[in-house]
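Q: Sequence and predicted structure are below.
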Amino acid sequence: MSDPSTVADQPSKEELAELERKYDSETAFRSAGPRIAFVISIALVSMSVYHFYASGFGTIRELLHRSIHLSFVLGLVFFLFSFLKSRGHSRDRDPWYYVGGISVFDMILGVVAVAASLYLPLLPPEVVAERVGNPAPLDLAMGTALLLVTLEAARRSVGPTLPLIAILFILFAIFGPWAPGALKHGGTSWLGLINHIYMTNQGIYGVAIGVMAQYVFLFILFGVLATRIGLGQLFIDLAMVVAGRYSGGPAKVAISASAFMGSISGSSIANTVTTGALTIPAMKRVGYPARFAGAVEATASTGGQITPPIMGAAAFIMVEYLEIPLRDVLAAALFPALLHYFGIFVMVHLEAKKLGLRGLTKEELPNIVLVLKENWLSIIPLVILVYFILAGRTPDFAAVYGIIACVVVGFLKPANRLTIRDLWNALGDGAKSTIAVGAAAACVGIIVGVVTLTGVGFRLGFVVVQTANELGAVFSATWPFSLIGLTEWALFFSLILIACACIIMGAGIPTTATYIILVAVAGPALAQLQVEPLVAHFFVFYYGVLADITPPVALAAYAAAGIAGSNPFKTGNTAFRLGIAKAIVPFVFVYSPALLIVTNGFTWGAFAITLFGAMAGIGLLGVAFSGYLFAPLPKWQRYWTGAVSLFFIAPGVVTMAIGAALLTPVFVSQVMAARKTADQMS
């Protein structure tokens, strides 16, 4: 076959690495001298080995385990990330206070971070219990040091937005008596703040860092090892075999491959760069505009964070917050994720038909026999992982045995056999991939600590509900909006306000951090509106993920634009249009929780109606945005179809029947236009 990855427009590995570094601050690692790099490598591999041992075979106290994880994360941040990005690569003229590309100041910060992380858990538990509420001077000093290095570590690894939000929350905690309106509270002292976020499990050592240490690290390591033994390439090749030959085939390959890759990776930008290196040039070659090609890959790649069984860190946070099995979270995520990919597929297919694009030729497609012969063993670790999750075992148990399976398969697999050096590098890369998200989790712990200390979540929830009620009162008093009651309008406007907050916050900070903060802050508002907890968590999570393709900070779309050679902003706008299903689906499962399967009162009848209506509505939105069904649509038909789609998205037999009746003129017109075109061609 002619491998599309060998064509002239295929980006080089160096170009892809630079793109990922540019748009994903979590991978903007600096280079170090060989000796320092070796020390860092040992620390990273030790981090992986420790987590594997602790989760699989160790019995380490919860607080101690979290602190050891935090010490690895914060200590390594100051060795892997420079104070300024401009120092990221150059060591040509290091001043005297730099050793191997790393400043002595950074080394001191790394040591302080490790000491402050380990200080409290290494004290006897009874001593810690006595000091909670009345920290000793050394406790206060260590807590202050940990808070400061956490803020700096988050700034270096994920950017300035998250630590700035944390600082605002800290100021809010201290200056609460001067806060306006419903946000006013009694305030706290610096000692009281440090006591809460450092001496208890409500702050830095809270749920966020606990989930990272217990679950997320292992699943990220599993994803790295699974990719190394060929699972990612198997997914891409299978996607090409399944979808490549059809009209606009490369775009459908991008959707399928990104959906598969999403099952083992939770990073939107990493997915975009990995699969986009192959699919974007192929899409351009068959005739897709560059901005559309980049947008397809970016939109499909953002599905990784909502696609079982990995889903990034958010799934495990849900497990801890909601105290439900991981399999329930994965079951709830399945059909909303499929609707996301369905929405992209519809628009891609219609665009291909409108432009008359071809699929890949037989010579451009991989040979399925050779693909399976070389890489079929790679699927075994994923099967083992999913089996243990569905069997009800804990996520860390499933991940440990999935990792063992990856190593065994890697050493036994004839093609691309895993070597000891490969295993060492994979362990180091896996640990390195967790550093930024770990720093973000620690910083989020500060924010969540302030929320629990001040009760600001309930205060903001009150403000949101009050604002939504005021807007609802205006609409419910005006015909024809008065046909809908005040309660329904209040819920609708609350969802709109929370969705906007999620998108705005998600534009500057990682998805997991957005999710944790918004659950703490917006969760109480949804609870006041009687929204089921699982539904509320998924609603916040989906809109946090949507930020990756929402201009002006659509980082996944900008990375794809770099590969496609297109205008980043236009690519981002197109990506948002293609990902409209991700913006619609959360409203669907709020109004009809049956879509999430495991919610209270689930029935197969309600599920079938909701799923069919959502598919029809999303499909009609695709028609409206594409301007094509069986033939090009006049502008008025596009607007009409878009409006009618809302009748299908709002679940219910009656509303769908009304929608079908309203859509009939457009459908008849399209059939007649298609027949006329066919007659002219004949």
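A: Done, it's in.

Q: Okay, the closest residue to L183 other than its chain neighbours and R228: tell me how far apart.
A: The shortest distance from L183 to any non-neighbouring residue, by C-beta to C-beta, 6 or more residues apart in numbering, is to R459 (5.4 Å). C-beta coordinates here come from the backbone N, C-alpha and C atoms, glycine included. From R459 across to R228, the span is 48 Å (C-beta to C-beta, to the nearest Å).

Q: in what helix or strand does the residue nearest to L183 lie?
A: helix 456-476 (DSSP states H and E).

Q: Just the buried residues of that helix, please?
A: For helix 456-476, a neighbour-count test (16 or more other C-beta atoms under 10 Å) marks 456-462, 464-465, 468-469, 471-472, 475-476 as buried.

Q: May I have that helix exported as PDB, CA atoms only?
A: Written as PDB, here are the backbone C-alpha positions of helix 456-476 (Å, rounded to 0.1, in the frame of the first residue of the first chain):
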ATOM      1  CA  VAL A 456     -18.800  30.100  48.600                       C
ATOM      2  CA  GLY A 457     -20.200  27.200  46.500                       C
ATOM      3  CA  PHE A 458     -23.600  27.600  48.100                       C
ATOM      4  CA  ARG A 459     -23.400  31.300  47.900                       C
ATOM      5  CA  LEU A 460     -22.600  31.300  44.200                       C
ATOM      6  CA  GLY A 461     -25.300  28.700  43.700                       C
ATOM      7  CA  PHE A 462     -27.800  31.000  45.300                       C
ATOM      8  CA  VAL A 463     -26.600  33.900  43.000                       C
ATOM      9  CA  VAL A 464     -27.000  31.700  39.900                       C
ATOM     10  CA  VAL A 465     -30.400  30.400  40.800                       C
ATOM     11  CA  GLN A 466     -31.600  33.900  41.800                       C
ATOM     12  CA  THR A 467     -30.400  35.400  38.500                       C
ATOM     13  CA  ALA A 468     -32.000  32.600  36.600                       C
ATOM     14  CA  ASN A 469     -35.300  33.000  38.400                       C
ATOM     15  CA  GLU A 470     -35.300  36.800  37.600                       C
ATOM     16  CA  LEU A 471     -34.700  36.000  33.900                       C
ATOM     17  CA  GLY A 472     -37.300  33.300  34.000                       C
ATOM     18  CA  ALA A 473     -39.900  35.600  35.600                       C
ATOM     19  CA  VAL A 474     -39.500  38.000  32.600                       C
ATOM     20  CA  PHE A 475     -40.000  35.300  30.100                       C
ATOM     21  CA  SER A 476     -42.800  33.400  31.900                       C
END
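
Q: How far does stretch 494-508 sit from its chain's centre?
A: 15 Å (C-alpha atoms, centre = their mean, to the nearest Å).

Q: Stretch 367-382 too?
A: Centroid separation between stretch 367-382 and its chain, computed with C-alpha atoms, centre = their mean, is 27 Å.

Q: what's the model's confidence in it, averaged?
A: The average pLDDT for stretch 367-382 rounds to 86.

Q: For it, buried residues please.
A: For stretch 367-382, by 16+ other C-beta under 10 Å, it's V371, E374, N375, L377, S378, I379, I380, P381, L382.
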